[in-house]
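In: sequence below, structure please.
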Amino acid sequence: MASKLLETIQRTDTEQLQISVSEYKGKSYFNLRIFYTTDDGATWLPTKKGVTFAPEQLDILEEAIQEAKQLFMEEE
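Out: Alright, predicted model coming up:
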């Protein structure tokens, strides 16, 4: 599998969170990583700030996101 960018969340003019799937040493991963730019967005470079999940961890992540959504809905 080639690396595939799924979504981008803009944080500032020079920083964004990129959500992607990629392969490393023959294994597939889900990545959340902060990228930065110094040329008005022409090039985005990865930072060390991020987290990588193995496919078998995605159910745990999904459950945590669903729980967070429920908690936020209760606050409204």
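
In: could you pull out the helices for the protein?
Out: Using DSSP state H, the helices assigned to the chain run over residues 58-75.

In: output the below-cut-off pLDDT ranges for it.
Out: By pLDDT under 70, the weakly predicted segments of the chain are 1.

In: contacting residues around the spatially most central residue of it?
Out: Centroid-nearest residue in the chain, with CA atoms, centre = their mean: Leu32, separated by 2.2 Å. Leu32 sits next to Leu17, Gln18, Ile19, Gly50, Val51, Thr52, Phe53 when contact means CB atoms under 8 Å, 6 or more residues apart in numbering. (Each C-beta comes from the backbone N, C-alpha and C, glycine too.)

In: tell me who's in contact with Lys4.
Out: Contacts of Lys4 by CB under 8 Å, 6+ apart are Ser20, Val21, Ser22.

In: and the closest residue to Ile34 other than its chain neighbours, how far is that from Asp39?
Out: Leaving aside its sequence neighbours, Ile34 sits nearest to Lys49 (CB to CB, 6 or more residues apart in numbering; 4.1 Å). Distance, Lys49 to Asp39, using CB to CB, to the nearest Å: 20 Å.

In: more crowded one of the two?
Out: Between Lys49 and Asp39, Lys49 has the larger neighbour count (other CB atoms under 10 Å), namely 12 against 9.

In: pretty sure that one sits against Phe35.
Out: No. With contact defined as CB atoms under 8 Å, Lys49 and Phe35 do not form a contacting pair (9.3 Å).

In: tell me how many other residues crowd the nearest residue to Thr38 once chain neighbours are set aside.
Out: Excluding its sequence neighbours, the residue lying closest to Thr38 (CB to CB, 6+ apart) is Thr14, at 7.2 Å. Around Thr14 sit 14 other residues, with neighbours defined as other CB under 10 Å.

In: and Thr14, its phi and psi?
Out: Main-chain dihedrals, Thr14, degrees, to the nearest 10: phi -120, psi 10.

In: so it sits against Tyr36, correct?
Out: Yes. Thr14 is within contact range of Tyr36, at 5.7 Å (criterion: CB under 8 Å).
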